[in-house]
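**Q** Turn this into a model:
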Amino acid sequence: MNFFQRRKILKQVNFLDLTPVRMMEYDVLENGRIDILLPRFKKTITRNLFQPRSKGPLIRIHLDVAGTAIWQIIDGQQTVQQLCDRMRSEKPELMNPPEETEKRVTDFLSLLYRERYITFREITDVHRNT
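**A** Purely as a prediction, here's the structure:
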């Protein structure tokens, strides 16, 4: 599904009613933070031709404390509104002021979606049904 099809679907729904689903593997570091693991190259032939010997096959995307907390509670079952409510109740120190929780969480999830680290269940369901 291309960018314009995904954008058209997102314009028709309330962002808080969407259900985020992780698409990337991740690693929990010793300090408790999360690194999203992004492959440098997706195809084997490209990886074999262009993979620098001095670098690993994965790019590590470091998340901050708030990003780590949000990433950890994404389970593919809860809506964005439920994630916001959980962040407000479980991590109030990260969501100050509390009335901006929805904006901060939706901005972060929008960034993850744009970079294709997550998708939304409703988008994949629409894509399967067409």
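**Q** Tell me the secondary structure at the nearest residue in space to residue 58 that is not next to it in sequence.
**A** In space, and not counting its chain neighbours, residue 58 is closest to residue 37: 4.7 Å by Cβ to Cβ, 6 or more residues apart in numbering. For every residue, glycine as well, the C-beta is placed using N, CA and C. When classified by DSSP: H, G, I helix; E, B strand; the rest coil, residue 37 comes out as strand.
**Q** Low-confidence stretches in this structure?
**A** Counting by pLDDT under 70, the chain shows low-confidence ranges at 1-3, 9, 43-55, 124-130.
**Q** quick one: the helices in it?
**A** Using DSSP state H, the helices of the chain run over residues 3-11, 44-50, 65-73, 80-90, 101-114, 121-129.
**Q** List the buried residues for the fourth one?
**A** Okay, so that is helix 80-90. By 16 or more other Cβ atoms under 10 Å, the buried positions in helix 80-90 come out as 80-81, 83-84, 86-88.
**Q** quick revisit: mind checking how far the residue nearest to residue 58 is from residue 23?
**A** Using Cβ to Cβ, to the nearest Å, we find residue 37 at a distance of 11 Å from residue 23.
**Q** swap in residue 60?
**A** As judged by Cβ to Cβ, residue 60 and residue 23 stand 16 Å apart.
**Q** cool, and residue 42?
**A** Taking Cβ to Cβ as the measure, residue 42 falls 13 Å from residue 23.
**Q** These two: who's more crowded?
**A** Set residue 42 next to residue 23 and count neighbours by other Cβ atoms under 10 Å: residue 23 wins out with 14 against 7.
**Q** Report the contact partners of the more buried one.
**A** Contact analysis of residue 23 by Cβ atoms under 8 Å, 6 or more residues apart in numbering lists 116-119.
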